[in-house]
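In: Sharing a sequence plus its predicted fold:
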Amino acid sequence: MHASRSFIAAAFFIAVMLLASSLPPSAAHPGPFFTISVTSDKGSYTQGETATIIVTVKNVGDEMATFYLGVEIVGPDNNVYELPLSGPIFLDVGATTDQIQFTWTIPDNAPEGRYRVRVDCWKHADKSEKWDDDLSEIVLFRVYAKPTPIPGPLFSITVTAESKVYARGENAVVHIKVRNIGVKPAYFYIVVTFISPSGKNYTIIVEPPAYLSPGYGLVAREVSWTIPEDAELGEYKIAVDCIQDPHSIARYEDDFVEQVIFTVVMELAPVFHVVVVEPSKNSYYPGEAVSLYIVVENIGNTEGTFYLSITIVDPSGVRYELDPLPPKVLYPGSRVVFSNVEWKVPANATPGSYAVEIDFISDLSTGRKWKDTFTRMYVFRVSHLQGEPPQTEEEQQETPQAELKVAEASIASIDVPAQVALGEESYLKVYVINTGEAYIAAKVICNATGARISPEYATVEVEPGAIGEAVFKLLAESEGTLNITILLAHGDYVLDTRVVEVEAVPPPAAPATATPEASWPSQTPAPQSPSELVEPSFSPSSEPQATELILQPAATESQQKLQQPELSFPLLATMAAALAVLISLTILLRRAKVKAQSAAHSEHGFTR
């Protein structure tokens, strides 16, 4: 009997294993998937210290991706500190980034306790969507209270320069602010030292001396230094000290650390920095058009006119030089957006990762270039269509050159009631017309005093010549005239501004109603009022929102199989065999039980 039960259990286990082995394996992380490692340079800090967060990311998925790395620090009181994004970062399948460092200066009033860190890989710089990863949150370090100040003056110093770049012979101007955060007052001189790339010091003692009591006011000084004509080129650091006597080396304690303050160049010139290079998608096929979105900033100290030159480099080193784009004038600290810079992938393009090189041409006749900070960046990938070999050179068509399409839009009209009642919801509709030559995704922002508007902004995506709509909910909170300001923005630029006036009035008094007489309910349902009629599914039965229409491509055959798994013939056969084994074992067990009962009756003298 026991042997039969053991046999049944073993057979059942074998049948289950056969059934499990016949099931189709699940796909492991389709698309990009990131594993994230995060550490800090120390395990604990005091208030006011700077923590360094070190992150490495590996792509263990089956597709390459470009992402922006974001770090958030969560305190013990659940207050979230967002650090600036790092990126865009291109990561191929199986590749790992170098160590990416983020720094965070811990506020002086930060609570003591354990601090957690969140790391995310965002698809876009606006944090609208993120890639999948294996990290949600991790406790990384502790923060302790700042120790009690030592008896005596303790100075807190901040330094800013009027420009990030200077030329030889120019006057470099820096602004210095000093506070006494100690426990005693002090007279002091400010000593400023400019340090060249090789370590040569240029020291200035600022006159007159200053006096500060603990916790009261600050001392602000402007320091000008004429850069020598033979000064070294490169990055210069600055050191600031507060001393008791200009003839003594005795220094008061302060919190200032040497830092890079500006760069000295051969001549006064703009310096161009590429802020963003983003493709419209991460992968293309031969014959498709690559669309690039590029943002450039002038970080120099003078304006400059440039022609944007773009070169696409394939995995084998073949270079595709695009025609320079029309000239742009860019002033210090300002930015310019190049939207929809297009390049068609050749029919015989080499599959793999493609890089983008960007140069800023000052003179097309000589090819002279402005100084910039950009070298090369891998931004997209080219794959061949399955089953279609590359075309021959004779079949290949000429590659079109880059084309700059201007992105422009304006507010076409605004639909809002002239009068709204306090506490009652109304709707504000803004219609945006694309007057440019390129697709645009613009933000509509509404602000009002005395009213609540939601959402805070809406994104309107409009093709050239088309009109898009943004819908907002308006709730008046104070009586009188409401001035509503509507901004249409694209990137860092405001494309259009409108102001509309709406009159907010008290809500109408509720009409008196008579008490209805008791009566039997009618068997015939009362006719529905228009407000009670069932509206179609597209009716705004809930709060209207700016919507986005996304056309999804039809699922491929392999995707349909993953979405709707079918029972294959081997799987059905295995299940049938397992069921047959179980039925046979049940019959054998029943016969063995009957036989045992018969033997028991025979021993007691009974016959069947």
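Out: Sure thing, it's come through.
In: so residue 219 bridges to which residues?
Out: In this entry, residue 219 is beta-bridged to residue 178, by DSSP bridges.
In: Pretty sure residue 189 is one of the things it touches, is it not?
Out: No - counting by C-beta atoms under 8 Å, residue 219 sits too far from residue 189 to count as a contact (10.8 Å). Heads up, the C-betas are built off the backbone N, CA and C, glycines and all.
In: what residues are shared contacts of those two?
Out: Residues within reach of residue 219 and of residue 189 at once, by C-beta atoms under 8 Å, 6 or more residues apart in numbering, are residue 210.
In: tell me the secondary structure for residue 586?
Out: helix (DSSP: H, G, I helix; E, B strand; the rest coil).
In: any idea how far residue 188 is from residue 221?
Out: As judged by C-beta to C-beta, to the nearest Å, residue 188 and residue 221 stand 12 Å apart.
In: residues shared between the contacts of the two?
Out: Going by C-beta under 8 Å, 6+ apart, residues that sit against residue 188 and also against residue 221 are residue 210.
In: which of the two has more neighbours?
Out: residue 188 (23 against 16; other C-beta atoms under 10 Å).
In: Beta-bridge partners for residue 358, please?
Out: residue 310.
In: Next up, the contacts around it.
Out: 274, 277, 294, 308-311, 372, 374.
In: Output the residues you listed in a markdown table; the columns should cover neighbour count, distance to residue 233 and pLDDT.
Out: Below are these laid out as a markdown table (neighbours: other C-beta atoms under 10 Å; distance: C-beta to C-beta, whole Å; pLDDT from 0 to 100):
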| residue | neighbour count | distance to residue 233 | pLDDT |
| --- | --- | --- | --- |
| 274 | 18 | 22 | 87 |
| 277 | 22 | 28 | 89 |
| 294 | 21 | 28 | 91 |
| 308 | 23 | 26 | 91 |
| 309 | 19 | 25 | 91 |
| 310 | 22 | 28 | 92 |
| 311 | 14 | 27 | 93 |
| 372 | 19 | 16 | 78 |
| 374 | 17 | 20 | 74 |
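In: Looking at those, which is nearest residue 207?
Out: Comparing those against residue 207 with C-beta to C-beta places residue 372 closest, at 40.2 Å.
In: can you list the residues that contact the host helix or strand of residue 320?
Out: Element membership for residue 320 (DSSP states H and E) is strand 319-321. Strand 319-321 has contacts (C-beta under 8 Å, 6+ apart) with 309-314, 343, 346, 399.
In: Let's test this: mean pLDDT of that strand, rounded?
Out: If you average the pLDDT over strand 319-321, you get 92.
In: Ok, stretch 110-129 next?
Out: 87.
In: for that stretch, the distance to its chain's centre please.
Out: Between the centre of stretch 110-129 and the centre of its chain there are 10 Å (C-alpha atoms, centre = their mean, to the nearest Å).
In: how about the strands of the stretch 301-450 of the chain, start to end?
Out: In the stretch 301-450 of the chain, the segments counted as strands under DSSP state E, counting those that start in this stretch are 304-313, 319-321, 328-330, 335-344, 352-363, 368-369, 371-372, 377-382, 409-415, 419-421, 425-434, 440-448.
In: how about these in a markdown table, adding distance to residue 237?
Out: Shown next, in a markdown table, are those (distance: least, C-beta to C-beta, whole Å):
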| stretch | distance to residue 237 |
| --- | --- |
| strand 304-313 | 26 |
| strand 319-321 | 38 |
| strand 328-330 | 28 |
| strand 335-344 | 28 |
| strand 352-363 | 27 |
| strand 368-369 | 28 |
| strand 371-372 | 20 |
| strand 377-382 | 29 |
| strand 409-415 | 45 |
| strand 419-421 | 59 |
| strand 425-434 | 48 |
| strand 440-448 | 40 |
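In: which of the ones you listed sits most buried?
Out: Most buried of those, by mean neighbour count (mean count of other C-beta atoms under 10 Å): strand 440-448, with a mean of 21.
In: Strand partners (parallel or antiparallel) of whatever helix or strand comes next after that one?
Out: Scanning forward in sequence from strand 440-448 by DSSP H and E, the next helix or strand is strand 451-454. Using DSSP bridges, strand 451-454 pairs in its sheet with strand 467-476 (antiparallel).
In: would you list every one of the strands in the stretch 101-250 of the chain?
Out: Counting by DSSP E, counting those that start in this stretch, the strands of the stretch 101-250 of the chain are 113-122, 132-133, 138-144, 154-161, 165-167, 171-180, 186-195, 201-212, 219-226, 234-243.
In: Buried ones in the fourth one, by neighbour count?
Out: Neighbour-count burial for strand 154-161, counted by 16 or more other C-beta atoms under 10 Å, picks out 154-157, 159, 161.
In: Does anything pack onto it? Which helices or strands?
Out: Packing contacts for strand 154-161, counted by 3 or more C-beta pairs under 8 Å, 6 or more residues apart in numbering; DSSP states H and E, involve strand 171-180, strand 234-243, strand 253-254, strand 259-265.
In: now swap in the shortest one and tell me
Out: Contacts defined by 3+ C-beta pairs under 8 Å, 6+ apart place strand 132-133 against strand 33-40, strand 113-122.
In: possible to save the ones you listed as CSV with mean neighbour count and distance to residue 322?
Out: Below are those laid out as CSV (neighbours: other C-beta atoms under 10 Å; distance: least, C-beta to C-beta, whole Å):
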stretch, mean neighbour count, distance to residue 322
strand 33-40, 18, 32
strand 113-122, 19, 28
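In: okay, those strands in TSV with distance to residue 238 next?
Out: TSV is the format used below for the helices and strands packed on strand 132-133 (distance: least, C-beta to C-beta, whole Å):
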stretch	distance to residue 238
strand 33-40	28
strand 113-122	31
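In: Just name the most buried of the strands of the stretch 101-250 of the chain.
Out: Note that of the strands of the stretch 101-250 of the chain, strand 165-167 is the most buried (mean count of other C-beta under 10 Å), with a mean of 21.
In: That one - contacts with which helices or strands?
Out: strand 259-265.
In: what comes up buried for the next helix or strand after the strand it packs on?
Out: Next helix or strand after strand 259-265 toward the C-terminus (DSSP H and E): strand 271-279. Neighbour-count burial for strand 271-279 flags 271-272, 274-279 (criterion: 16+ other C-beta under 10 Å).
In: for strand 271-279, the distance to its chain's centre please.
Out: Distance of strand 271-279 from the chain centroid (C-alpha atoms, centre = their mean) equals 16 Å.
In: Stretch 213-220 now?
Out: On C-alpha atoms, centre = their mean, the centre of stretch 213-220 falls 40 Å from that of its chain.
In: got the buried residues for that stretch?
Out: Neighbour-count burial for stretch 213-220 [16+ other C-beta under 10 Å]: 214, 219.
In: okay, how far is it across that stretch, tip to tip?
Out: Start and end residues of stretch 213-220 are separated by 15 Å (C-alpha to C-alpha, to the nearest Å).
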